[in-house]
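Enquirer: predicted structure and sequence below. I'll ask about it afterward.
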Amino acid sequence: MQFYLLYIDPGAGSYLVQVIIAAALGVAFFFKNIVLIVKQFYYRIFGKKSKMP
Amino acid sequence: MHSASPHPSSYRDPSGFVFEQGGVLYRQVNRFYKEDFDLFINSGLYHHLVSSQLLLPHQVVSQNLTGTDNWYQTLRPEPVSFISYPYEWCFDMWKDAALATLRIAREAIEHGMLLKDASAYNLQWHKGRMCFIDTLSFEAYDETKPWIAYRQFCEHFFAPLALMHYLKLPLQTLFLSYPDGIPLSLATKMLPYKSKWHLHTQLNIHLHASVSRKAKRSETNQAFSRKKLLNLFRSLEEGINSFSYNTSSGVWSGYYNEASQRDGYLQQKKATIDRWLQQLHFKTVLDAGANEGTFSEMAITKAERIISLDADHFSVNNLYNKARQNQWTNVYPFLTDLSHPSPAIGVNNRERSSMVERAQSDLVMALALVHHLAIGKNISFEFLASLFRSFGKMLIIEFVPKDDPKVQLMLQQKKDVYFWYTKENFLLAFSSFFQLKETEEMQSSGRTLYLMEAHER
């Protein structure tokens, strides 16, 4: 089936930027996930006052 | 065969189109979209989204109502009481629309599909929640490709929300000027310097804008994966969750707190409105200048639909949050300046209809409003009478005399050229369109409530 580029113009570079961003996020979330795991551990032991997000 | 023409806003997608026939709105699915549509249903994604109340449900009508060759299926979507556009949404409504879109995209992936567009026009405020209405927006998910709708999501959701968050201004009307979304090149320049230090804004707006500017060729051989896409969604979601815009402009917030201190005024006003609401017959109400919905609320048990319009963002936002919290399904709070309500725009200036066309209601309430439009915006009584008449046939309106403290406040900053602003002229102007049914003087304040009904044309 022929692939039409549909009606969204992805814009030059939006594909490329997603790859770049996803790579940057991979690193950022790796460290953030570690922090979150530590926090979870801490709150389970010490309890926390619930804070509305 | 009765040939039906597509709705003026439904033309871009070869997958299908929306049309009206016999007063009912239908969506035709074209053969072009057959495989994706079947996958959408068979994968269970449709049912999952409908039961999560994220998607507008439809009934299948197995008839070719338009007589066209590429017909595959006809759907009859659940009717939406009131169509609104993003430039009328308060910040929190827009934020909820963005988060709903991301949630839908993530659910879609679980079922092997993905959104092929992320337009803000795909959502409507319906039955008390932001609901996705473009059923044909889903395509089979290819894990190796980046998200085709990513840029559109950034321009329709991330950029406008970021701008309002950082600049603390109601920039919804920018969307009237940029109907395809706020261009990234504009957003990156308007955002303040400190936004570059926010990870998600930096990536999704600033970096996005600068890489797009430089890249010329379209790259189709980029390695992508599900994990990468999920990270992208997470970044968009965390960014948007961190945005807020709830700051008061100072003037209208607490308007009724102050007003209620004027002994008896608010009580008498509420009692009169309550009495009139009970004796009148109506299904739909338009509360013009609704503020935080004090009077809109009074019609909740009786009206099928209450449209609450106000030009003050803080008030509309508060009313929206109240509606969400209380799970009101018949209150429609929107940002509108009645001195220049949303025009008809788009293709042939018919794609998006004007606020006046959409907001027609049985009963119009214009409480504590006339003086803002007449003195604040210099609009004559004749134009105001015509404005309210174009919205509906029954009118409850409050006349605020010139010696009222609020009017005096306005006149402190202007020259008093309002020699025409008198109760007599007011009643005369309105009598061209309306017949006076009842009058209620509010002793403690000098203001008067009027119940009017339009003359038979």
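Expert: In hand now; what should we look at? Numbers count the residues shown, from 1 in each chain, chains lettered A, B, ... in the order given.

Enquirer: how about low-confidence regions in chain A?
Expert: A:1-12, A:49-53 (pLDDT under 70).

Enquirer: and with 50 instead?
Expert: Across chain A, the ranges flagged by pLDDT under 50 are A:1-8, A:10.

Enquirer: quick one, helices of it?
Expert: For chain A, applying DSSP state H gives helices covering A:14-46.

Enquirer: ok, now which ones touch B:Lys414?
Expert: B:Ile375 (Cβ atoms under 8 Å, 6 or more residues apart in numbering or on different chains). For every residue, glycine as well, the C-beta is placed using N, CA and C.

Enquirer: pLDDT value on the one residue in the stretch 351-457 of chain B that gets nearest to chain A, please?
Expert: Nearest residue of the stretch 351-457 of chain B to chain A: B:Glu351, at 13.9 Å (Cβ to the nearest Cβ). As predicted, B:Glu351 sits at a pLDDT of 94.

Enquirer: quick one: name the residues of the stretch 51-200 of chain B near chain A.
Expert: Contact residues (Cβ under 8 Å from any Cβ of the partner chain) of the stretch 51-200 of chain B with chain A: B:116-117, B:145-152, B:199.

Enquirer: just the buried ones from the residues you listed?
Expert: Buried members of those, counted by 16 or more other Cβ atoms under 10 Å in any protein chain shown: B:116-117, B:145-152, B:199.

Enquirer: got the residues you listed as JSON lines, with pLDDT columns?
Expert: What follows is these, written out as JSON lines (pLDDT from 0 to 100):
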{"residue": "B:Lys116", "pLDDT": "95"}
{"residue": "B:Asp117", "pLDDT": "93"}
{"residue": "B:Lys145", "pLDDT": "91"}
{"residue": "B:Pro146", "pLDDT": "92"}
{"residue": "B:Trp147", "pLDDT": "94"}
{"residue": "B:Ile148", "pLDDT": "92"}
{"residue": "B:Ala149", "pLDDT": "94"}
{"residue": "B:Tyr150", "pLDDT": "95"}
{"residue": "B:Arg151", "pLDDT": "95"}
{"residue": "B:Gln152", "pLDDT": "95"}
{"residue": "B:Leu199", "pLDDT": "96"}
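
Enquirer: which of those fall in helices?
Expert: Reading helices off these with DSSP H, I get B:150-152, B:199.

Enquirer: B:Glu238 and B:His200 touch, don't they?
Expert: Yes: counting by Cβ atoms under 8 Å, B:His200 is a contact partner of B:Glu238 at 5.8 Å.

Enquirer: looking at those two, which has the bigger crowd around it?
Expert: Legend: neighbour count by other Cβ atoms under 10 Å in any protein chain shown for B:Glu238 and B:His200, higher for B:His200 (23 against 14).

Enquirer: wait, what's in contact with the nearest residue to the more buried one once chain neighbours are set aside?
Expert: Take B:His200 and drop its neighbours on the chain: the residue closest to it by Cβ to Cβ, 6 or more residues apart in numbering or on different chains is B:Gly239, 3.0 Å away. By Cβ under 8 Å, 6+ apart, the contact set of B:Gly239 is B:158, B:162, B:198-201, B:204.

Enquirer: only the buried subset of those residues, as a PyMOL command please.
Expert: Restricted to buried positions by 16+ other Cβ under 10 Å, the PyMOL selection for those reads:
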select buried, chain B and resi 158+162+198+199+200+201+204
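
Enquirer: which of the contacts of B:Gly239 lies closest to chain A?
Expert: B:Leu199 (6.3 Å).

Enquirer: what does the helix or strand where B:Val50 lies contact?
Expert: Here B:Val50, judged by DSSP states H and E, is contained in helix B:45-51. Here helix B:45-51 makes contact (Cβ under 8 Å, 6+ apart) with B:39-40, B:55, B:57, B:104, B:107-108, B:111, B:113, B:132, B:135, B:138.

Enquirer: and with 10 Å instead?
Expert: Contacts with helix B:45-51, where a contact means Cβ atoms under 10 Å, 6 or more residues apart in numbering or on different chains, come from B:37, B:39-41, B:44, B:54-58, B:78, B:103-104, B:107-113, B:131-132, B:135, B:138.

Enquirer: about what we covered before: can you tell me the SS state at the residue nearest to B:His200?
Expert: helix (DSSP: H, G, I helix; E, B strand; the rest coil).

Enquirer: got it, and the one 5 residues further on?
Expert: When the structure is split into helix, strand and coil by three-state DSSP, B:Ser244 lands in coil.

Enquirer: and B:Tyr450, by the same measure?
Expert: strand.

Enquirer: how about the helices in the stretch 301-450 of chain B?
Expert: Secondary structure of the stretch 301-450 of chain B (DSSP state H, counting those that start in this stretch): helices located at B:313-326, B:355-358, B:370-371, B:381-391, B:405-412, B:423-431.

Enquirer: so which of these gets nearest B:Glu456?
Expert: In terms of Cβ to Cβ, the element of those nearest to B:Glu456 is helix B:381-391, at 12.5 Å.

Enquirer: quick one: the closest one to chain centroid distance?
Expert: Offset of helix B:381-391 from its chain centre (Cα atoms, centre = their mean, to the nearest Å): 22 Å.

Enquirer: which strands or helices does it pack on?
Expert: Judged by 3 or more Cβ pairs under 10 Å, 6 or more residues apart in numbering or on different chains; DSSP states H and E, helix B:381-391 is in contact with strand B:284-288, helix B:355-358, strand B:361-366, helix B:370-371, strand B:392-399, helix B:423-431, strand B:434-442, strand B:447-454.

Enquirer: just checking, B:Asn291 touches B:Asp310?
Expert: Yes: assessed by Cβ atoms under 10 Å, B:Asn291 is found in contact with B:Asp310 at 5.8 Å.

Enquirer: between these two, which is the more surrounded one?
Expert: Each of B:Asn291 and B:Asp310 has its neighbours counted (other Cβ under 10 Å); B:Asp310 has more, 28 against 24.

Enquirer: measure the more buried one to B:Pro333 for me?
Expert: B:Asp310 is 8 Å from B:Pro333, where distance means Cβ to Cβ, to the nearest Å.

Enquirer: name the residues contacting each of those two.
Expert: Joint contacts of B:Asp310 and B:Pro333 (Cβ under 10 Å, 6+ apart) are B:90, B:287, B:290, B:292-293, B:296, B:316-319.

Enquirer: using CSV, lay out those residues together with pLDDT and neighbour count.
Expert: CSV is the format used below for these (pLDDT from 0 to 100; neighbours: other Cβ atoms under 10 Å in any protein chain shown):
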residue, pLDDT, neighbour count
B:Cys90, 98, 27
B:Asp287, 98, 31
B:Ala290, 95, 28
B:Glu292, 93, 25
B:Gly293, 95, 24
B:Ser296, 97, 28
B:Val316, 97, 29
B:Asn317, 97, 25
B:Asn318, 96, 21
B:Leu319, 97, 26
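
Enquirer: what's the closest of those to B:Val407?
Expert: Nearest member of the shared contacts of B:Asp310 and B:Pro333 to B:Val407, counting by Cβ to Cβ, is B:Ala290, at 20.1 Å.

Enquirer: how about that closest one, nearest residue that isn't a chain neighbour?
Expert: In space, B:Ala290 is closest to B:Ser308, 3.6 Å off (Cβ to Cβ, 6+ apart).
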